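1. Fold the stuff below for me.
(2 chains)
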Amino acid sequence: MKTKRFLLISLLALGAIILSACSRAPISTNWAGLAADAERAYLSNGAFLYAVDVQSGREAWRYPAEANTKRIFYAAPVLTQDGQLLIGSAGTDHPLISLNPETGKENWAENFTGAKGAWMASPLVFNEKIYAPNTDGFLYILDMEGKQAADPIELGGALWSTPSTDGTLLYVTSLDHHFHVIDPAANQINETIDLGGAAPGSPAVGADGVYVGSFASTIEFIQSNGNHEVITTAGNWIWGTPVIDGNTLYYADLDGVVYSLDIDSGRQNWDGVQPDGPVVASLLVVADQLYVATESGSFFALDREGKIAWEKTPGGKIYTSPVLSGDLILVAPYQAEFALVAYDAEGKQAWTFTPEK
Amino acid sequence: MWQTIIIQPMTNLLLWIYDILGHGPHMFGLAIILFTILIKLLTWPLNASQVKGAQAMQELQNDKEWQDIQKKHAKDKEKLAQEQMRIYKDRGINPFASCLPTLVQFPIIIGLYQSITRALSATPFNMLQLARTVYPFQNVENIIPLNSTFLWMDLGRPESIQMFGVAIPTLAVIVALTTWVQSKLTMPASSNPNDQSAQMTKMMSVYMPLMLGWFALNFASGISVYFIISNLLGVAQYAATGRANWSNLFGGGKPSPVKKK
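-> Residues are numbered from 1 along each chain as shown, chains lettered A, B, ... in the order given. As a prediction, the model looks like this:
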């Protein structure tokens, strides 16, 4: 009987421990967000936002000083023209925070506390206003001091992507399968379009409209008046933001296929370019090279014909979109030895960064 | 292994039910309820054997032969164990039958918790995991993201209702209450003060409501919905078999009649 009692209580305790261990999983599990200027890379890597000197690869500062589950960071930080670094928290509290990018000191942090959900997407700064998409389905509109500047716009589903703008209108994708055209001057939604699948990436703004990829495995071309059409398809979900380079649209899917579409003719420029694994991160075009990061932990540079110029394996899984800082391409692998790796255009590794504990 | 045997089937079953229901607001909550009913139906024979096993053990505690061997071999644990096993065998009693449904509950609870968080995909990484979890026949593009709203709750978060500026954890209270009611109804009253089985059952009727209430307080409210429906179905099952001990609910429960062999 004692054995039975002990067994039962042990099982209850074990169950409690296992459930406790996974209870924080939804909010604490995601890949890092990455942004950079010419001097520093900014890596939002869970408990800390790190600023890394791009010359040396050393940590310049981290925010906050102590880890705190109230503030967790996954969205790519945003540098504003007036010298702020904006980052939203995906922790148990949801403040939008402004830091000094040189020092990491808070400019403001609690000026707006109205968001009900985590910040998974970076805000867009447009016409001296902050347009901040939240997972609660609202697009919040704040002034540059983080105070509410206008009524938030309810878009419905969770917002995981940064809004895009053509200089007049805003374009926002939502996980509830919808794409919205917003007039910021009137603070209203002009058009809403059903994409047929969730859209976690931002729209790519072209000359005549925007291009949006979605889990419907399509690229939709949408004009500001709401006219839209599917211009091409993929074999699997399209996660990252498509990239426009001249007359070419680059995009990739979860099958790991990289596409190059001639926008004018609607024809693919190449066929069957499939580096080595699913592609979640947005592609990056710099000069004559297209950079592709894969879930397999590899980083490729392709030329305009789709041939691999070089390949590196920083390890882990790469979901974070690579960014350019000066002459360096920065890659942030997930669950890897290094949190950040810098390569030059020839693929030579400049430095690696691993946060000190 | 855990992923293939537990998480993947559970997540797909939840998504499939959600899809059939029309994947609108409140439907994921309904999917969890239907899922719970299905699990209860599948584990019905186990629960029935638990009731039977608990009853048999209870009757054994008041059996003269059982009491005699307790006294006779009080100082010889090995002999006592042998005699106990003999009696179990003679009477066709499995002493662990009453534990089995509890053991089965744990992988279901943990798996369901992980399936709910995965299905609701609070982060892009969760969503990517979900994409890898779904079976090819699921038309998952159409149904994700799932609508996590159910009544006043967000099924992906712990529940509470704001009243007069205070967050009241309503579901945690209901979970604790229904767990207590279920354990009381299934607890046979004993006339034997040295009845270890009754003592243990009594102890469980205190600890289980507290523990499940604590789970409900801290974890996604979807798991609380599972607890509540599971408890109510458990009560219904006991009531249907005529074994529910309603007098236990209001104190002063009379001892169950002991069948003489």
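2. hey, let's count contacts and neighbours off CA atoms from now on
-> Will do.
3. in the chain, which segments are predicted with low confidence?
-> Unless you meant another one, I'm taking chain A. A:1-28 (pLDDT under 70).
4. wait, I meant chain B there
-> B:95-102, B:187-201, B:243, B:250-261.
5. how far does the lengthiest helix in it sit from the chain's center?
-> In chain B, assigned by DSSP state H, the helix with the most residues is helix B:196-218. Centroid separation for helix B:196-218 versus its chain: 11 Å, with CA atoms, centre = their mean, to the nearest Å.
6. so what does the helix or strand following that helix touch, helix or strand wise?
-> Going down the chain from helix B:196-218, the next helix or strand is helix B:221-240, by DSSP states H and E. Helices and strands touching helix B:221-240, by 3 or more CA pairs under 8 Å, 6 or more residues apart in numbering or on different chains; DSSP states H and E, are helix B:27-42, helix B:100-120, helix B:170-185, helix B:196-218.
7. Double-check A:Leu96 against A:Leu85; I have them as touching.
-> No. With contact defined as CA atoms under 8 Å, A:Leu96 does not reach A:Leu85; the gap is 10.6 Å.
8. Show me which positions of the longest helix of chain B end up buried.
-> Buried residues in helix B:196-218, counting neighbours by 16 or more other CA atoms under 10 Å in any protein chain shown, are found at B:197-198, B:201-202, B:204-205, B:207-218.
9. burial of A:Thr168, as a residue count?
-> Other residues lying near A:Thr168 total 12 when counted by other CA atoms under 10 Å in any protein chain shown.
10. For chain B, see how far away it is.
-> 29 Å (CA to the nearest CA, to the nearest Å).
11. and if you look at A:Pro163?
-> Distance from A:Pro163 to chain B, by CA to the nearest CA: 17 Å.
12. For the stretch 51-200 of chain A, what lies in contact range of chain B?
-> With CA under 8 Å from any CA of the partner chain as the criterion, the stretch 51-200 of chain A meets chain B at residues A:120, A:175-176, A:196-198.
13. Apply 10 Å and report the result again.
-> A:74, A:90, A:117-118, A:120, A:135, A:157-158, A:160, A:174-177, A:196-198, A:200 (CA under 10 Å from any CA of the partner chain).
14. Can you flag which of these belong to strands?
-> Using DSSP state E, no member of these sits in strands.
15. Would you map the strands across the stretch 1-150 of chain A?
-> A:33-36, A:40-44, A:49-53, A:59-63, A:78-79, A:85-88, A:96-99, A:106-108, A:124-126, A:129-133, A:138-142, A:148-154 (DSSP state E, counting those that start in this stretch).
16. how many neighbours does A:Phe179 have?
-> Per other CA under 10 Å, the neighbour tally for A:Phe179 reads 24.
17. which SSE is it in?
-> strand A:178-183.
18. in its sheet, what does that strand sit against?
-> When pairing is defined by DSSP bridges, strand A:178-183 lines up against strand A:170-173 (antiparallel), strand A:188-194 (antiparallel).
19. Which stretch among those is buried most, on average?
-> Among those, strand A:170-173 has the highest mean neighbour count (mean count of other CA atoms under 10 Å in any protein chain shown), at a mean of 26.
20. quick one: buried residues of the helix or strand in which B:Asp90 is found?
-> Taking DSSP H and E as the definition, B:Asp90 sits inside helix B:77-91. By neighbour count with 16+ other CA under 10 Å, helix B:77-91 contains the buried residues B:80, B:83-84, B:87-88.
21. Can you confirm whether that helix lies near chain A?
-> No. Helix B:77-91 lies out of reach of chain A by CA under 10 Å from any CA, never closer than 10.6 Å.
22. Would you mind pulling the contact partners of that helix?
-> Here helix B:77-91 makes contact (CA atoms under 10 Å, 6 or more residues apart in numbering or on different chains) with B:56-57, B:60, B:65-66, B:69-74, B:92-95, B:261.
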